[in-house]
Every structure is written in C-alpha cells, then in structure tokens.
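*Asks:* Turn this into a model:
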Amino acid sequence: MDKSLDDIIASKPRNPRRGSTRRGTARAQVLGNTGATPAQRARAAAPVAAKTGAQAAPADKIIVSGLPPDVNEPQVRELFTSTVGALRNVTLHYDANGRSKGTAAVHFQKQGDANKAYQQYNNRLIDGS
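*Replies:* Just a heads-up that it's a prediction; the model follows:
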C-alpha cells in the first residue's frame, strides 16, 4: 500500500446509484413508470389553485343539516327564498316512521346561490336560539 486513502478513494470509479435509496424499482420495472401518486399530484396542484385565487365552482344545491324535528319544507323554502334567492326545489328527509331526520336538500334556480347560502349560513343557527 503505497497510496494514501484519499488517492485510493479518488481512483475508484463512482457508482451513479451509490447512496440511492429508491424503493419500488422492481415495481416500476413490472408496471412501468406510474407517475406521481395522487397525494403528490394534489400537493403540486394546491399552490396553483392558491395563486390563481380559484374558488369552488358555482353550485345550485346545498344540504342543510341539524334542523329541529318540527321544521317543515315551507319554512326552509321561505327562509332561503327571502335571504338568498329563488328556489327550484326543497326536500326534507324523513325516516321510515315519518319523523324528520333534520336534513334538507335545497336546490336554487341560479348557479352560485348555493355558494352564497353556504357562506351566509354555514355553522350558524338559523332560528337564533
């Protein structure tokens, strides 16, 4: 041994894969390049949506939950018609015994009115009690 350790290390050819800890190479060989995972695609798309100021698409339907059992369809219709806009349909959901489940589907005539109702009433008590 007439070389220093630095000379021996420098003279050895470098392995391009040295230190690589990639997993799934066998899987990639069998399946081919599967591309980014759904989580990676979502992370990559999130900054783009934030930069462009993208909002939810205009909606015409909301689901209202947490309604008292004595609320009926005309009351729901009157509330949203007077505060948000014209409605196409209101459907209150009932169980097999005919009791209200406390949820209703509200369809608005105009696109975007559901977004407006969501912003106005989300996580708020409607009757004020």
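
*Asks:* check contacts around His107.
*Replies:* By C-beta atoms under 8 Å, 6 or more residues apart in numbering, the residues touching His107 are Asp60, Lys61, Leu87, Arg88, Asn89, Val90. Every C-beta, even on glycine, is put in place using the N, C-alpha and C of the backbone.

*Asks:* Show me which of those are buried.
*Replies:* Asp60, Leu87, Val90 (16 or more other C-beta atoms under 10 Å).

*Asks:* Which strand residues bridge the second one?
*Replies:* Here Leu87 sits in beta bridges with Phe108, as judged by DSSP bridges.

*Asks:* Mind putting the buried ones among the contacts of His107 into JSON lines with pLDDT and distance to Arg77?
*Replies:* JSON lines is the format used below for the buried ones among the contacts of His107 (pLDDT from 0 to 100; distance: C-beta to C-beta, whole Å):
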{"residue": "Asp60", "pLDDT": "89", "distance to Arg77": "15"}
{"residue": "Leu87", "pLDDT": "94", "distance to Arg77": "6"}
{"residue": "Val90", "pLDDT": "95", "distance to Arg77": "5"}
